[in-house]
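Visitor: got a sequence here, can you model it:
(one chain, ligands or ions: 1)
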Amino acid sequence: MRLKDKVAIVTGAASGIGKEISIIFAREGAKVAIADLDQRAADATAGEIDPTGKRVVGVAMDVTNEQLVDDGTAKVVETFGSLDVLVSNAGIQIVAPLVDFEFAKWKRLLAIHLDGAFLTTRAALRQMYKQKSGSIIYMGSVHAKEASVLKAPYVTAKHGLIGLAKVVAKEGAAHGVRANVICPGFVRTPLVDKQIPEQARELGISEQDVIKNIMLKETVDGEFTTVDDVAETAVFLASFGSNALTGQSIVVSHGWFMQ
Ligand code: NAD
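Guide: Numbering: from 1, shown residues only. The predicted structure is shown next:
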């Protein structure tokens with residue numbers, strides 16, 4: 001019970017990495033708000049994790065919408081009485097060569113990753129500063145450290161999260177708030193499953209080549225990172241064991257990109 005009675009908001013928690021983080025947080029004793037685009041998906045995931053509805057709840061929160069983020073965060077604080085952990089995880093991927101990238105798609109991706117991180121952070125800090133404690137965890141990527149073809153806004157946004165985490169670490173220190181970034185390698189979630197055929201098409205190679213020669217090429221063991229690999233790191237960053245870590249980014253990638 002490494003997170004006994006801690007209260008956490010996990011954005012983008014109805015699927016993939018965010019869902020697994022929520023499952024493991026709940027198993028470790030946390031009360032968890034599953035924040036995602038629509039109430040139905042959020043409630044369904046919350047119900048799967050905690051059928052009693054007492055310790056895990058769904059919250060409709062489009063992270064690009066200031067009002068929904070502020071209201072959703074306030075609702076979580078009202079329901080559970082505090083806010084100890086924010087996992088800013090919601091994200092999308094759009095692949096295309098930079099020279100053809102549509103401006104509207106560029107703006108949409110940056111809005112979800114960066115405006116979303118800003119808005120959820122600001123709402124969380126208002127409560128965490130009152131409590132004089134908190135841990136904020138951003139879902140970065142190896143692409144927060146390393147460039148890649150076809151992913152200009154994604155690489156740009158993920159690099160940006162490291163900057164934001166460093167600012168939160170500095171400003172939050174006086175208020176007992178820490179901020180860190182997890183940088184996963186490729187994880188088989190719906191986000192990646194959609195990307196494999198798109199990337200194959202753009203590069204004129206097979207899906208197997210995308211997996212073998214792009215996604216897993218630089219890992220030490222040829223393995224995908226798993227949702228559990230990422231969730232366990234999130235538990236560490238959320239708990240007192242990581243008390244000395246702030247403003248850091250941790251690469252969780254089976255050896256891809258050694259810093
Ligand atoms: P996923 O598609 O399985 O889940 C993403 C979730 O975010 C979905 O439930 C979706 O509804 C939600 N979401 C999208 N836009 C939203 C918005 N505006 N407001 C609220 N929720 C929104 O993807 P995933 O692979 O679990 O990705 C989660 C995070 O991990 C993303 O930030 C992604 O960039 C990052 N990441 C993923 C990988 C990977 O290989 N899968 C690797 C590194 C980093």
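Visitor: quick one, what contacts L203?
Guide: Shown in contact with L203 (CB atoms under 8 Å, 6 or more residues apart in numbering): V149, L150, V210. Any C-beta I mention is one placed from the backbone N, CA and C, and that applies to glycine too.
Visitor: for the first one, give me the pLDDT.
Guide: Per-residue confidence at V149 stands at 96 (pLDDT).
Visitor: over to it: give its phi and psi.
Guide: phi -70, psi 150 (degrees, to the nearest 10).
Visitor: that one: neighbouring residues, count only.
Guide: Counted by other CB atoms under 10 Å, the residues lying close to V149 total 13.
Visitor: kindly report the same for the second one.
Guide: Number of residues near L150 (other CB under 10 Å) recorded here: 20.
Visitor: doesn't it fall inside a strand?
Guide: No. Looking at L150 with DSSP: H, G, I helix; E, B strand; the rest coil, it is coil, so not inside a strand.
Visitor: nearest residue to it in space, please, no chain neighbours.
Guide: Leaving aside its chain neighbours, L150 sits nearest to V95 (4.3 Å; criterion: CB to CB, 6 or more residues apart in numbering).
Visitor: wait, what's in contact with the one you found?
Guide: Neighbours of V95 in contact, by CB under 8 Å, 6+ apart: L150, K151, Q195, E198, Q199, E202.
Visitor: let me know the closest of those residues to L3.
Guide: Q195 (31.2 Å; CB to CB).
Visitor: give me phi/psi at R178?
Guide: phi -110, psi 160.
Visitor: all strands for this protein, in order.
Guide: In the chain, the strands defined using DSSP state E lie at 7-11, 31-36, 56-60, 85-88, 134-139, 177-184, 248-252.
Visitor: would you list these in a markdown table and tack on mean pLDDT?
Guide: A markdown table is the format used below for those (pLDDT from 0 to 100):
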| stretch | mean pLDDT |
| --- | --- |
| strand 7-11 | 99 |
| strand 31-36 | 98 |
| strand 56-60 | 98 |
| strand 85-88 | 99 |
| strand 134-139 | 99 |
| strand 177-184 | 98 |
| strand 248-252 | 98 |
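Visitor: could you tell me which residues of the stretch 1-150 of the chain lie near the ligand?
Guide: 11-12, 14-18, 36-37, 61-64, 89-92, 112, 116, 139, 141 (CB under 6 Å from any ligand atom).
Visitor: tell me the contacts of the residue nearest the centre of the chain?
Guide: Nearest to the mean C-alpha position of the chain, by CA atoms, centre = their mean, lies N89 at 1.9 Å. Contacts were defined as CB under 8 Å, 6+ apart; by that measure N89 touches V10, T11, G12, A13, I17, G18, I21, I137, M139.
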